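[1] Here is a sequence with its predicted model. Questions after.
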Amino acid sequence: MLVKIYGSAVFGVEATTITVEVNIDKGIGYHLVGLPDNAVKESSYRISAALNNNKYKLPGKKITINMAPADLRKEGSAYDLPLAIGILAASNQIKSEKVSEYLIMGELSLDGSLQPIKGALPIAIKAREEGFKGFILPKQNAKEAAIVNDLNVFGIENITEAINFFDNKSDLKPTVIDTRAEFYKSLDNPEFDFCDVKGQESVKRSMEIAAAGGHNIILIGPPGSGKTMLSKRLPSILPPMTLQEALETTKIHSVVGKVKDTGLMNHRPFRSPHHTISDVALVGGGQYPQPGEISLSHNGVLFLDELPEFKRTVLEVMRQPLEDREVTISRARFTVTYPSSFMLVASMNPSPSGYFNDPDAPVTSSPAEMQRYLSKISGPLLDRIDIHIEVNPVPFEKLSEKTEAEPSKNIRERVTKAREIQTKRFSELKNTHYNAQMSVKQIKKFCELNEDSKTLLKNAMERLNLSARAYDRILKVSRTIADLEGVNEISTNHIAEAIQYRSLDREGWLG
């Protein structure tokens, strides 16, 4: 008897429906075809034990299973449940009338219970697109898949529940989630808040500007000055994610199995990889491509602590994704594209010892050592970082103050207003949404300067020996400062403040 069951495979962040054809005939043997990987091939052992432990059996006949399309690689253990249900239906151990109406995925334990799967959200989206009656999957993934409206999502704990459902012995209750309520829940209670930070007003101001314009930022300062503490709080002042952004972000995290019971992600991601990370782990890839850290930080923040300690090759592969806001991974048989629109926040010590021109420092470095240390970061990468800010240690008087600093909520309100101005400004442009994304042509159009501002910028560039690449960055940042003030014209005050945020462009910065 031939039975068709439907599962799904995830490539990139999109799912493809897989038809599992199970045929039972005279003879003996178990044949699984359709380009399965080792995890899929091993499913026969898990299925046999799970069925035996639940008073069912693997029929002693010739079982042929084809996973179509047969030229598409099938990987992972999530096909256990559809294969098992297909075998039971084809051998008449359960009724087969409605098995083809549902999309089924799940990994079986030997006792028949189900383990969570990866990619439940993109699979659920595909199931709705293709008109399936419902999606049957492990209970741990039910919240994640239930984000998708107009689809019945049935979370089950073991194979017996699925068998009883298809045999009409019991009903399954769909998991229902109010997507909007889930999204707005705990939006105003960030784990890390700027009210915890004492002092550092100038750095907070620079981070507010970075958040308002989507600018990449680098913090330079000695150990213990608060670089990591400040960086962790940046997501709390970014504008709240739209529902569309939340779905995009959740989909990427779903592919790598990082969502499970949490449902829809409502906070912007903050990723902080260790400096020993490989280039493949950062941008994504592998034999069967998976999203890397830059894609996991999509719509959020990627924090690289101690930037010069990262391998040069790792930093160089970020240049294209920073520019294009997506990363494309090509293999011989297919190509996948992952979105990677993130804010880069980097931190570094100004020298190998960690102390910069400090006569009281326990260890100092020579100018040559400092130059060698800084040269680990290439010019083209620095070119994509708009704001450079020096972070100084906080004095005791500030640390011991009892007054609470401004909370993230207040800063975020100002940032959101500035972003709304930019959304209106770039409404007719397809690939530009905030100031940091402006091209040279758009800078000329939206960053016009009056004569006083031009004179100030000219004098600053000559006196401070600012590089040519600093020119566009200063204009972009000054445009954001003007947006924060709610004014249309860029004034000398805005230019003067923006010039302060180009520390690494100054010749002689090393003293």
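    Sure thing, it's come through.
[2] buried stuff in stretch 330-341?
    Residues of stretch 330-341 classed as buried: Val336, Thr337, Tyr338, Pro339, Ser340, Ser341 (neighbour count, 16 or more other CB atoms under 10 Å). C-beta here means a position set from N, CA and C on the backbone, and glycine is covered the same way.
[3] Please name the bridge partners of the nearest residue to Gly12 once chain neighbours are set aside.
    Spatial nearest neighbour of Gly12, excluding adjacent residues (CB to CB, 6 or more residues apart in numbering): Val336 at 3.5 Å. For Val336, the beta-bridge assignment (DSSP bridges) gives partners Ile329.
[4] Start at 47, not 1
    I'll keep to 47 as the first residue from here, and by that count the last item is Val382.
[5] strands paired with the longest strand seen in the chain, and their directions?
    The residue-count maximum for a strand in the chain (DSSP state E) belongs to strand 60-71. Sheet pairing of strand 60-71 (DSSP bridges) gives strand 48-57 (antiparallel), strand 108-114 (antiparallel).
[6] For Ala166, which of those is the nearest?
    strand 48-57 (9.4 Å; CB to CB).
[7] hang on, the earlier thing: now the strands paired with strand 60-71 in TSV, with mean pLDDT?
    Shown next, in TSV, are the strands paired with strand 60-71 (pLDDT from 0 to 100):
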stretch	mean pLDDT
strand 48-57	94
strand 108-114	96
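[8] wait, which of the ones you listed is closest to Ile433?
    Judging the strands paired with strand 60-71 by CB to CB, what sits closest to Ile433 is strand 48-57, at 36.9 Å.
[9] how distant is that closest one from the center of its chain?
    Between the centre of strand 48-57 and the centre of its chain there are 28 Å (CA atoms, centre = their mean, to the nearest Å).
[10] rewinding a little: deepest-packed of the strands paired with strand 60-71, please.
    Per-stretch averages of neighbours, counted by mean count of other CB atoms under 10 Å, single out strand 48-57 among the strands paired with strand 60-71, with a mean of 21.
[11] okay, which residue is most central for the chain?
    The centroid of the chain falls nearest to Leu342 when counting by CA atoms, centre = their mean (2.2 Å).
[12] For that one, list the residues it contacts.
    Applying CB atoms under 8 Å, 6 or more residues apart in numbering to Leu342 gives the contacts Ile298, His299, Val302, Lys304, Pro315, Arg317.
[13] which SS class is the fourth one?
    It stands for Lys304. coil (DSSP: H, G, I helix; E, B strand; the rest coil).
[14] show me the contacts for it.
    Contacts of Lys304 by CB under 8 Å, 6+ apart are Leu342.
[15] Tell me the buried residues in stretch 316-324?
    Phe316, Arg317, Pro319.
[16] returning to that earlier point: ok, the buried residues of stretch 376-387 vs Lys244, which is closest?
    Ser387 (32.6 Å).
[17] Tell me the spatial nearest neighbour of the closest one, not counting adjacent residues.
    Once flanking residues are discounted, Ser387 sits nearest to Arg371: 4.2 Å by CB to CB, 6+ apart.
[18] any idea how far Asn477 is from that neighbour?
    Per CB to CB, to the nearest Å, Arg371 is found 8 Å from Asn477.
[19] Of those two, which one has the most company?
    Arg371 (14 against 9; other CB atoms under 10 Å).
[20] Need phi/psi at that one.
    Dihedral angles phi and psi of Arg371 (degrees, to the nearest 10) take the values phi 60, psi 20.
[21] Looks like it contacts Thr383 (just checking).
    No - counting by CB atoms under 8 Å, Thr383 is not a contact partner of Arg371; they are 10.9 Å apart.
[22] just to revisit the earlier point, can I get the buried residues of stretch 316-324 in CSV with secondary structure, distance to Ser137 and pLDDT?
    CSV is the format used below for these (DSSP: H, G, I helix; E, B strand; the rest coil; distance: CB to CB, whole Å; pLDDT from 0 to 100):
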residue, secondary structure, distance to Ser137, pLDDT
Phe316, strand, 50, 94
Arg317, strand, 47, 95
Pro319, coil, 49, 95
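[23] Tell me the one among those residues nearest to Leu289.
    Looking across these and measuring by CB to CB, the closest to Leu289 is Phe316, at 20.1 Å.
[24] Can I take it that Lys504 is in a helix?
    Yes - the assignment for Lys504 is a helix, going by three-state DSSP.
[25] Quick check: the residue nearest to Ser387 vs Thr478, distance?
    Counting by CB to CB, the gap from Arg371 to Thr478 is 11 Å.
[26] for the stretch 97-246 of the chain, which spans come out with low pLDDT?
    228-235 (pLDDT under 70).
[27] where exactly do the strands run in it?
    Using DSSP state E, counting those that start in this stretch, the strands of the stretch 97-246 of the chain run over residues 108-114, 148-150, 153-154, 160-161, 180-184, 198-202.
[28] Show me which residues of stretch 148-159 are buried.
    For stretch 148-159, using 16+ other CB under 10 Å, the buried residues are Tyr148, Leu149, Ile150, Met151, Gly152, Glu153, Leu154, Gly158, Ser159.
[29] Just put those residues in TSV and tack on distance to Lys189.
    Putting the buried residues of stretch 148-159 into TSV (distance: CB to CB, whole Å) gives the following:
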residue	distance to Lys189
Tyr148	19
Leu149	17
Ile150	18
Met151	15
Gly152	15
Glu153	18
Leu154	21
Gly158	22
Ser159	18
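[30] closest to Ser454 among the residues you listed?
    Met151 (39.0 Å).
[31] For the closest one, grab phi and psi.
    Backbone dihedrals for Met151, given as degrees, to the nearest 10, come out at phi -150, psi 150.
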